Every structure is written in structure tokens, then in C-alpha cells.
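Peer 1: Prediction below, plus the sequence it came from.
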Amino acid sequence: MTVSITSYLLVALILFCVGLYGALTKRNAVVVLLSIELMLNAVNINLVAFSKYGLYPSVSGQIFTLFSMTVAAAEVALGLAILIAFYRNKATVNVDEMDEMKR
Amino acid sequence: MDVKDIFSYNWSYLLPEFIILGFATVLSLLDLFAGKRLGKQVIGWLSLLGVVLAAVFVFVNVNTLDKPYSYMADMIRIDNYGNAFKLLFLAGTAFALLLSLSYLKQREVEHTGEYYYLLLTGLLGAMVMASSADLITLFVGLELLSLSSYVLVGLRKKSLQSNESAFKYVVSGSIATAVTLFGMSYVYGLTGTTHVYEISTKLAEAGMAGYQFLVYVSFAFLAVGLAFKISAAPNHMWAPDVYQGAPTPVTAFLAVVSKAAGFALLFRLLLISFFNVTDGSSRFFFDHGSLYLGLMAAASMIIGNTMALRQTNVKRMMAYSGIAQAGYLLVPFVPPTTLFFSEVIFYLFGYLLVSFGAFAVIMVVSREQGTEDLKGFAGLYHRSPSLAIAMSIFLLSLAGIPITAGFFGKFYLFMSALAQENYWLSAIMIITSVVSYYYYFGIIRQMYMRPGSSEASLYVPKGIWTFILVMAVATVFFGAFPGLVTDYIQAHFNPSFDFGNMLPPSFR
């Protein structure tokens, strides 16, 4: 039994939307970073699914996934490092309290 | 596609990138092992040396290259389009380094070594973005620039503003990255390749085969995601906070180098990938795709120029002004003509001179006043006439008043919109430009007509004073003789009107 490409794309799309929703609404900065990770992983599902069931199946999608995973890891590590620096100054990880600059 | 032995390439065309990479590596090691013993500024001057050396080799490439040179199936593609942008990046980074040498004397940034080599890695990312024709390399270049600038923004570790703006930058930047990548994944799915020129033909086939909706979706995702780097409308909200919290030389780097790199990537990726897509009667990119970019341009101009009116922090105001400038720069892309390349390069060149000049003045004034408020500029004319006159020149150029480089830049963009009969876009451009006079002249009013808190003459360090003078003179000079630059661009980068030989002959 094979699963059709539509299911993969649907899962990826739902994951992407959940991630976007979380990144825009959550108050805890760590959860925001986590939601961003969901969005990036949705992309990976897309790429891997396309590299097997796309219009022109090829291996470059999987190679792309390796790059995007590496970069996503670096990005979130950096986000956490900056968050730690912020926490040292203000002792909170609530994004609502990041209002030092006026709108 | 022919696959060649790795040793059979002529690697000399990649010398600029290798030099920047080498300097960034060696300087990071030097800082690690001998950072304490070296003088404070040695690493800064060495980075400047690296940037200048790289610029020399880009000039050599410009003169020796007659057709695009491709490494590893266009993973890296050395062409005139990339070279022109690379010269802008190198000049911008050199200016940022010069400002930093003075800025870092304030001791707000503890890790000066990191500061310098992160500027270099950011520059390397920008250079890769401008000279690649493969989705994977373009993405890695984009991220190299982004990650370096996230750290640079947050490098004043003790400052709450700096931390906060860095975190906002990381979050909004990562969301934009995810959106871009999502668009790229659909492009890959429809074409089965990451090579931009192959994508172009395959995407057209996919469009004809009934996947038009997915083609449009991928275009929208790419445009929205990439709008982040150029701080254009749907993705502009990060700019004011990040510009305000970042160290001033880094703000200037973001305003010029990062933005120009975003344009280099956006233009190449969208133009080439969607060039051949058609629904049988009309070409998607030239009829609908560029219209979407026109809406982005209009929204950026309106939002940027109206929001800038109510700012009291001068760096925030410059951020909104930068959003508006991104809008102007998208205008010649609706739809692109054979002249758009030289227009964009000339505008970015003028913007480079003016932004760095203006940020240098802002740096001096806000350091002396201890505030970045607009009121800090009050009475500047009485305290340092030369600085006030230079700042007036920069502001006039940003506003697009004649006899400055900014005027001709804007004039060319405006004429291109008129030539395409985009009357609505030219009207928005004119109206929002008039609105922008109000806030640019707000600073001029402060400098000349408001009494300052003191009348004592302002101390301006010699190096910065010379830098500001050179920028001001260059702004006026290239405003009086814009032909010097446009002719150079036309002769060296765009002789056959193919966007700096970005378009292969089959794309007509």
C-alpha cells in the first residue's frame, strides 16, 4: 500500500500552519522558537515527499533537507543564546514584556 | 549539464570569496590565541585590508570576464550581475568597518574581535547570494548573512534594547526563512531540480500541465519570504525595532548591505525562475507576478513614509525611511525592462553613500548627546556648521531633491515607471515622496532653527569627520555628474542589455 503525495503535502501544510500560529501567538519565547522549528520541519517533509513522489523525482530534495536541518539547528541555537542574554538582563522569557522600544 | 573534474575549474574567479573566507578564519583564530596581546583595533584594520583586497580582485574579474563562468552546475555563477552587487557589498562593509573603528571605542561591545569577523562572514553570505544560481547555495548564503547579522545586532550584551531587538530579529527572520523555504520546496516539487535555469523551463512545463495554482502559490511564498531581507511591506515590522537596538554601524550595514543582498537574491530568483511561465496567452511574470511586486512597492512606500512622520527616535525614523526606499527600489521591477539593472545599481550606489554618511552623523551626535532623540540635533548648526551642512546634504539626497545622487536615482526609477505606463505607481511614488519631505525637513529644522541645550562647539573625531566629508562631497559630485556612474555600469556590467548577462541568449 502506498500513501499518495497529497497526504504528505497536507501533513506538511498543517504542520506549517500550526507552527506559524504558535510563533505568532505564544507568549513563552522558548515555545515561539519551538514553533519556528515546526515550520522548518514542515518544509523538510515537503522536500522529502517531493524527492520521491514529485513531478520529477530526484535526490536533490533530500540533499536540500540536510542543509535546511543544519541551518535550522544553528538558527534556533542562536535564538536560545540571545534569549539567555536577554534573561540575564530582565529575568523573564515572556515575549509580551519585550516592550523596551516604543511603537 | 556537464560535470567537470574539480581541478579543471579556473578557481581564480572565486578569489574575492576566498579572500573574505580566509580573512574571517584567520582573524577568528588570531583573536582566539592572541586577542589579549594585540591592540584593540588591529583586527579591525586587518578586516578592512581583506575587504579592500577582495574589491581589487572583483575589479580584476570585471575586466577579464567576458561571459558568465559557472562552478559545479551554477552552484556558484560569476557574472556581471553578481560582480556589480559584490562591489556594492564590499564598499558597504568597508564603510561599516570604518565607522566601527570609531564606534567600538565606546566600549559598549566587549567582544570586538567577534564583531569584526562576523561582519566579514555576513559579507561572504551576501556575496554568495549575489552570485549563485542554485536554490541550495542561495539559501545557505542567505542564512550565513542572516545568522551573522542576528549576532551583530545583539552584540551589546549588557544592553536590554540590544538583546530585545536581536531576539525580535531572530524570530521574525526565522519565520521569513521558513516561508521562503516553503516556497522553494514547492518550486522543487514541480521541477525536480534546484538549478534556477533548469527550474525556469521545467516550471513553465508544470504551468502548462495544469499545476498553475501551485506555481502561483510558490511565487507568493517566495515573494513574501524574501521581502523580509529588503524590509518591504508584508514583512517590514522588524525593521524599526532592530534598527533602533543595533549598534549604529551595524544598523548602517543592515540598511545597505543586507538590503542590497536581498534585492540581488529576489531579482535573480524570481525573474529567472518564473521567466518562462505562461498560460498560453499572457506571460505570468510580466503580467501578474510583477503586479504583485508593484503592490508590495506601493504598500512599502505608503507605510514607510507615513509611519516615519510620527517617530521621535532618529534611528527608528531611518528604519521607516528604509522601508520606503525598498518600495522605490521595487518600482522598476514592475515589469522589468532592459534598463532596470543599471537603474537599481545606481540607486543603491547613491543610497550607499547617503546612508553611511547619515548614520555617521547620527552616531557622532547621539554619542555626544547621550540620546538618539530627534531633539539631540537641535542647534547643531551653531555647534558644528560643517556637520550640519553635511547632514542636510544627506537628508536632501534621501528626500530626492536635485543636485544630489538620490535625486537622479529616484528620477530614473520614476521615469521607468512612466515608460511602463504604471501611472498609479508613479503617482504613489510622487505623493509619498512629498510626504517624506516633512520628516526629512524635521531634522533640518531642528539643526538650524531650534536652540540647542548648549552652544559649545561639538567635538568630531578626525577620522569620522573625513569620512562624512568624503560622503557628502561624493553625494553632490555624483548628483552633478550621474552619467559617470551610469555609463560605467552600462559599459562594464550591462553592455548587451541582458541584466548583467544574467539572462542566457535563449531567454528572449
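Peer 2: It's in.
Peer 1: Could you give the residue of chain A that lies closest to chain B?
Peer 2: residue A:56 (2.5 Å; C-beta to the nearest C-beta). Bear in mind the C-beta positions are built from the backbone N, C-alpha and C, glycine included.
Peer 1: Can you tell me the SS state at that residue?
Peer 2: Counting by DSSP: H, G, I helix; E, B strand; the rest coil, the backbone at residue A:56 sits in coil.
Peer 1: Ramachandran coordinates for the spatially most central residue of chain A?
Peer 2: Taking C-alpha atoms, centre = their mean, the centroid of chain A lies closest to residue A:37, which sits 2.7 Å from it. The phi/psi pair for residue A:37 (degrees, to the nearest 10) reads phi -60, psi -40.
Peer 1: in which helix or strand would I find residue B:466?
Peer 2: Using DSSP states H and E, residue B:466 sits in helix B:462-480.
Peer 1: List the residues that contact the closest residue in space to residue B:389 that isn't next to it in sequence.
Peer 2: Excluding its sequence neighbours, the residue lying closest to residue B:389 (C-beta to C-beta, 6 or more residues apart in numbering or on different chains) is residue B:472, at 7.6 Å. Residue B:472 sits next to B:357, B:389-390, B:393-394 when contact means C-beta atoms under 8 Å, 6 or more residues apart in numbering or on different chains.
Peer 1: repeat that for 7 Å
Peer 2: For residue B:472, the contact set (C-beta atoms under 7 Å, 6 or more residues apart in numbering or on different chains) comprises B:357, B:390, B:393-394.
Peer 1: Give me the number of neighbouring residues for the closest residue in space to residue A:95 that isn't next to it in sequence.
Peer 2: Using C-beta to C-beta, 6+ apart and skipping the chain neighbours, the partner closest in space to residue A:95 is residue A:29 (5.3 Å). By the criterion of other C-beta atoms under 10 Å in any protein chain shown, residue A:29 has 23 neighbours.
Peer 1: can I assume residue A:29 is in contact with residue A:90?
Peer 2: No: assessed by C-beta atoms under 7 Å, residue A:29 is found out of contact with residue A:90, at 11.2 Å.
Peer 1: where in the chain is pLDDT low?
Peer 2: I went with chain A, as the question did not name one. A:1, A:102-103 (pLDDT under 70).
Peer 1: Switch to chain B, please.
Peer 2: Where chain B drops to pLDDT under 70, the residues are B:1-4, B:508.
Peer 1: List the buried residues of the helix or strand just after the helix holding residue B:466.
Peer 2: Downstream of helix B:462-480, the next assigned helix or strand under DSSP H and E is helix B:482-492. By neighbour count on 16 or more other C-beta atoms under 10 Å in any protein chain shown, the buried set for helix B:482-492 is B:482, B:485-486, B:488-490, B:492.
Peer 1: list the buried ones in stretch B:303-312?
Peer 2: Along stretch B:303-312, these residues count as buried under the neighbour rule (16+ other C-beta under 10 Å): B:303-305, B:307-308, B:311.
Peer 1: Give me the contacts around stretch A:76-91.
Peer 2: A:29, A:33, A:36-37, A:93, B:147, B:150-151, B:154, B:157, B:160, B:163-164, B:166-167, B:170, B:174.
Peer 1: Only C-alpha atoms, please: export that stretch in CSV.
Peer 2: C-alpha atoms of stretch A:76-91 as CSV (Å, rounded to 0.1, in the frame of the first residue of the first chain):
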residue,chain,number,x,y,z
VAL,A,76,17.4,28.0,17.0
ALA,A,77,20.7,27.6,18.9
LEU,A,78,21.4,31.3,18.2
GLY,A,79,17.9,32.2,19.2
LEU,A,80,18.3,30.5,22.6
ALA,A,81,21.7,32.1,23.1
ILE,A,82,20.2,35.5,22.6
LEU,A,83,17.3,34.6,24.8
ILE,A,84,19.8,33.7,27.6
ALA,A,85,21.5,37.1,27.2
PHE,A,86,18.1,38.7,27.4
TYR,A,87,17.1,36.7,30.5
ARG,A,88,20.3,37.8,32.3
ASN,A,89,19.2,41.4,31.9
LYS,A,90,15.5,41.1,32.6
ALA,A,91,14.8,37.7,34.2
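Peer 1: roughly how far out does that stretch sit from the chain middle?
Peer 2: For stretch A:76-91, the distance from its own C-alpha centre to the chain's C-alpha centre is 18 Å (C-alpha atoms, centre = their mean, to the nearest Å).
Peer 1: now the strands for chain B?
Peer 2: B:69-71, B:76-78 (DSSP state E).
Peer 1: which ones are touching residue B:484?
Peer 2: The neighbourhood of residue B:484, defined by C-beta under 7 Å, 6+ apart, consists of residue B:478.
Peer 1: how far away is it from residue B:81?
Peer 2: 21 Å (C-beta to C-beta, to the nearest Å).
Peer 1: go on, residue B:430?
Peer 2: Distance, residue B:430 to residue B:81, using C-beta to C-beta: 30 Å.
Peer 1: Likewise for residue B:274?
Peer 2: With the distance defined as C-beta to C-beta, residue B:274 ends up 17 Å from residue B:81.
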